[in-house]
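1. The sequence isn't on hand, but the structure is:
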């Protein structure tokens, strides 16, 4: 059976009808059936594209992006994933808009939606803010649809909030599925989700949180490691525990990077700021307290500096399940010792050894996004995918 | 008969052949037949899109936008309206271009036009400047076409100048046509086009001017209201009078918001700066007189502040023809008392009651723009619309 | 025989198979057969577009642009040339990306390439930097393809480096081919590539260098003229000499604008900074020496000012082969005396007389870019062009 047929087969036993015309804001909003459908569709779309078969389901259409933080990977992933389905990107640049003068979220959300099919939002800087904003946009367009203002409801895709980074963690899982030859092969694998030292501060919590709340759902044994004081949001750690229990996996916490690495099949070391510090920063921003923010930054950098030993070295890698062959992941860009900074998250030799793996990990993000949108826009995704394969229209036409 | 056939029927008796390959800079450049064609085509395109029928008439093509002022609504309307016809948007960001170093308008206009099908321009800040600029761009591309430099002539759409805001007023009229069940039902309706207090200053004159120069052409009785000293451009008021006389409608002017509201079927209250003040500002900018501009701003804000009673309240609304059911319009964003400012153009309760109406009003702008472009690009619009319906290619394809 | 068939015939005898899946960074990387193929394909694409035949070979696809310097002409040319083939443009705005924090070129190049078909780069400010950067991007995506990270290799188009400006010189040659009725008719023509005075400084060397390294390959007799001290990169002058010898053409150098103009069939006067000065500036930037840069700027402006007589006047034009009918070229925007500056590269009357010619010259750039991309993406360009003509799908559809 072709890979493509395998993916369609995977879809056939799943219940994911609720994804149609719905948002994708957090993985924990979705059932495991829905997530399995996401991975199958992403793999199917990739297979079609690699066989040069067009997957356009829109003859015209608009994908709106709003980035409240810098982005390269996710911006290009959203742009290319929606282009793959036939949409044109229209960026909402708040600096060039009239949003400044007191317009409500409800109004802006409606105004950009008259002909928009999907809206992607990155809003990850302040605790609570990103999720609240996306919820308000979602409710606003639902209201406008209910009121007859919109003739359709554009769907939302979170391109990273303060709590979750679902397009990243979905790309991560797609990478693992393809590396290990199937979702079922991930069961029982030990994953180290661990803090790492960085000379900058304030990196988002949503990266590690998106991992600990997703991997346990498929039976992976996660060990969360960080120095004291670098706690994640308690409710996310709670989710990790519940999901682990449900799937029969283990979930461990430690303040030792070495303990997390030991015997791990997969290591994912990355810096983040502590939840408590981010809450303090969020409050200082709300108060416009620049001096307070600067003082906090100095305090946090000093705190970070006491943990420069949280760095992925060859010695640490040697303690993992397969040494150099153990999977090493990072959403990128990484702080690489001696390359982008003096001391960073990972030594240059370790990074070099695992570079291709991390690049492959990143390669799944456009497909993760395309699959999220596809599942929102195709009432019968399996039939639509089969029809696309049947039509076999070349994406790139050559005589 | 289907709605769609009705729209085609409306087109059949009209003479609008001159719109093909022509610009759309002001509604007063167009005959009433041409405006009727615009509304019929806009409604037909909306009907096709709502029935998921693709209206792409371009397999590839470029729509160029140039915004010399901030924009959300119009930017997205231009982007989505041209995307609906199959074009890709290319924004001309003057800050990232070489325009700074003395390049003539004629040259820039030609350089961006080699493969461009339509050019949309917003230039509304300085009295006289926007119209002059668009005229120069239009003449430049006509010259380049005549000289054989261009193999076609891209058409222009004004996305707001200092005198007119045709995409806004066209959306407004489309909203009214659809609310009242036809253009003929607007005859004899009383419309209050009235100034309102805003804590900011310098809002464009083109909004009220676009209304008083358009609505009277279809027999609507317009009352223009503003405090003393907030006059519009005299030639636009003159147009309003002439059009009213021609259509047998009345045109009244008053310094009382209450008088305008009384018995009105439609109220459109919005702040603007006076023509005289804008002329002073335009001259100060030309002289680079920053101190003078600041002094003028303070003077105008103080002048505004003496008119805080020009605010749409429930009491005022109660005096209109249908009270709460009277149509309340605004191009948005509005200055809402207690929401976006302390004292604004409209009370929050009035705004809330009419929110959906104003949002629906805005929903017509992408279609107004698409129809302007369609009429510029289709030699036989009725036949092309009929062919699109006949082909019935899904815009959003699902198996 | 139709013009289109002539272009296909031109292709039939040429060997250009190496252009498929390859970059276009400098004209000197290409054989003359490959360049001939470029001109034939550009003319064929233009012919198809002018006959309203769609040349889309991509049903979806991404063209990435990266401009490290301002651009209007080249930006719109890249956007429209790739749109003509069916791609969507995605600009990489380094200011909105995460590139700042130490990410390697290799990583960024890979991250933007997962679904990208072509990458266009302008990086022309510092000697050595642009070529080095493009080479690194090219090698990075080749490596990622070899490593299985990318399932394809996006191709590169240089939109101007510090050494060459191939899309400009290709447009220039297309203009000459069409003006003189064929590439073979250019043999023996005298071309003055000459420096001209400008009140600004630091204009790129790549414009004159792209001309002297290209025109001699087709038998044109180039005279390079500039004041003492305004030398081009020695290796490019060397290339000009070698190419001239190979084609049996002459290559002359002079410090007299008059000498270059005398008897010339084509004059191309434009300002540039000297190679030595640009090397000094590049070093000062590397050292972050702002005072040194300012001092250098004053020195260079003063040096320029001693050469205000290097201006294209009617008197000079009268000494050329055909006087007013001699071809006058400029990549635009030009510094026009009395229009964009007091004293500039060209007198207003001369500019006006040759305006249409220069605008036509510019009109070939979108086609030059489209042809570069077409040759990179079509394994059998002649067959693909013939298939497009055969399908005869309208680019702009009308009933």
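-> Okay, I see it. Keep in mind that what you see is a predicted model, and the values were worked out from it rather than measured.
2. could you measure the residue nearest to the spatial centre of chain A against chain B, distance?
-> Geometric centre of chain A, nearest residue: residue A:168, 2.3 Å, by CA atoms, centre = their mean. In this view, residue A:168 and chain B are 28 Å apart by CB to the nearest CB, to the nearest Å. All C-beta spots, glycine's among them, are computed from the backbone N, C-alpha and C.
3. One more: residue A:285?
-> Residue A:285 is 21 Å from chain B, where distance means CB to the nearest CB.
4. you'd agree that residue is up against residue A:126?
-> Yes - with contact defined as CB atoms under 8 Å, residue A:285 counts as touching residue A:126 (6.3 Å).
5. The residue nearest to the centre of chain A - that's part of a helix, no?
-> Yes - applying DSSP: H, G, I helix; E, B strand; the rest coil, one finds residue A:168 inside a helix.
6. Who are the contact partners of it?
-> Residue A:168 makes contacts with A:74, A:160, A:207, A:210, A:331, A:365, as judged by CB atoms under 8 Å, 6 or more residues apart in numbering or on different chains.
7. who wins for neighbours among those?
-> Of all these, the highest neighbour tally under other CB atoms under 10 Å in any protein chain shown goes to residue A:210, namely 30 neighbours.
8. Would you mind telling me which of residue A:285 and residue A:126 has more residues around it?
-> Neighbours per residue (other CB under 10 Å) separate residue A:285 from residue A:126, with residue A:126 holding more: 18 against 15.
9. on that earlier part again, could you report the pLDDT at the residue nearest to the centre of chain A?
-> Looking at residue A:168, its pLDDT stands at 98.
10. And for residue A:101?
-> So, for residue A:101, pLDDT stands at 60.
11. now do residue A:79
-> Looking at residue A:79, its pLDDT is 98.
12. Relative to residue A:118, how far out is it?
-> In this view, residue A:79 and residue A:118 are 12 Å apart by CB to CB, to the nearest Å.
13. Mutual contacts of those two, please.
-> Common neighbours of residue A:79 and residue A:118, using CB under 8 Å, 6+ apart, are residue A:63.
14. Work out for me the element residue A:196 sits within.
-> Assigned by DSSP states H and E, residue A:196 belongs to no helix or strand.
15. before we move on, what about residue A:38?
-> Take DSSP H and E as the rule and residue A:38 turns out to sit in helix A:32-50.
16. For the stretch 201-350 of chain A, which residues score under the pLDDT cut-off?
-> The stretch 201-350 of chain A contains no residues with pLDDT under 70.
17. please redo it, this time with the cut-off set to 90
-> A:201-202, A:274-279, A:281-282, A:285-286, A:340 (pLDDT under 90).
18. Likewise for the stretch 51-200 of chain A?
-> Scanning the stretch 51-200 of chain A for pLDDT under 90 picks out A:69-72, A:93-103, A:125-128, A:200.
19. now the strands for the stretch 101-250 of chain A?
-> With strands called from DSSP state E, counting those that start in this stretch, the stretch 101-250 of chain A shows them at A:116-122, A:155-158, A:190-194, A:221-225.
20. looking at these, which is closest to chain C?
-> Among those, strand A:116-122 comes nearest to chain C, with 11.1 Å by CB to the nearest CB.
21. Give me the neighbour count for the spatially closest residue to residue A:281 that is not a sequence neighbour.
-> Nearest non-adjacent residue to residue A:281, counting by CB to CB, 6 or more residues apart in numbering or on different chains: residue A:296, 5.9 Å away. A total of 20 residues lie near residue A:296 under the criterion other CB under 10 Å.
22. Name all residues that make contact with residue A:296.
-> By CB under 8 Å, 6+ apart, residue A:296 lies in contact with A:277, A:280, A:281, A:284.
23. Toward the C-terminus, what is the element adjacent to the helix or strand where it lies?
-> Taking DSSP H and E as the criterion, residue A:296 maps to helix A:290-305. Downstream of helix A:290-305, the first helix or strand assigned by DSSP H and E is helix A:314-318.
24. can you pull out the helices in the stretch 51-200 of chain A?
-> Assigned by DSSP state H, counting those that start in this stretch, the helices in the stretch 51-200 of chain A fall at A:73-84, A:105-111, A:129-146, A:166-180.
25. Deepest-packed of the ones you listed, please.
-> helix A:73-84 (a mean of 27; mean count of other CB atoms under 10 Å in any protein chain shown).
26. right, is that one up against chain B?
-> No - if you take CB under 8 Å from any CB of the partner chain as the test, helix A:73-84 misses chain B, and the best it gets is 10.8 Å.
27. For that helix, enumerate the helices and strands it packs against.
-> Contacts defined by 3 or more CB pairs under 8 Å, 6 or more residues apart in numbering or on different chains; DSSP states H and E place helix A:73-84 against strand A:62-67, strand A:88-91, strand A:116-122, helix A:166-180, helix A:365-377, strand C:62-67, strand C:88-91.
28. quick one: the closest residue to chain C within the stretch 151-300 of chain A from residue A:279, how far?
-> Nearest to chain C in the stretch 151-300 of chain A, going by CB to the nearest CB, is residue A:200, at a distance of 7.0 Å. With distances taken as CB to CB, residue A:200 is found 19 Å from residue A:279.
29. go on, residue A:222?
-> Note on residue A:222: its distance to residue A:279, by CB to CB, is 24 Å.
30. ditto for residue A:73
-> The value you get for residue A:73 to residue A:279, if CB to CB is used, is 27 Å.
31. Check residue A:147 too.
-> 36 Å.
32. Residue A:227 too?
-> Counting by CB to CB - residue A:227 and residue A:279 are separated by 18 Å.
33. pLDDT wise, what is residue A:384 at?
-> Note for residue A:384: predicted pLDDT of 98.
34. so who does it touch?
-> Residue A:384 neighbours (CB under 8 Å, 6+ apart): A:57, A:374, A:378, B:397, B:398, B:399.
35. gap between it and residue C:348?
-> Going from residue A:384 to residue C:348 by CB to CB gives 61 Å.
36. and what of residue A:275?
-> In terms of CB to CB, residue A:275 sits 66 Å off from residue C:348.
37. Compare these two and say which is more crowded by neighbours.
-> residue A:275 (20 against 13).
38. Tell me if I'm right that the more buried one and residue A:204 touch.
-> No - counting by CB under 8 Å, residue A:275 stays clear of residue A:204, with 11.0 Å between them.
39. who's in contact with residue A:330?
-> Applying CB under 8 Å, 6+ apart, the residues contacting residue A:330 are A:268, A:269, A:270, A:345, A:346, A:358, A:361.
40. Closest to residue A:261 out of these?
-> Set against residue A:261, the nearest of the contacts of residue A:330 by CB to CB is residue A:269 (8.3 Å).
41. how about stretch A:219-235: buried residues?
-> Within stretch A:219-235, the residues that qualify as buried are A:219-227, A:230-233, counting by 16 or more other CB atoms under 10 Å in any protein chain shown.
42. what's in contact with stretch A:309-318?
-> Residues from elsewhere that reach stretch A:309-318 (CB under 8 Å, 6+ apart): A:194-197, A:227, A:257-258, A:261, A:267, A:269, A:323-324, A:326, A:328, A:337, A:343-347, A:349-350.
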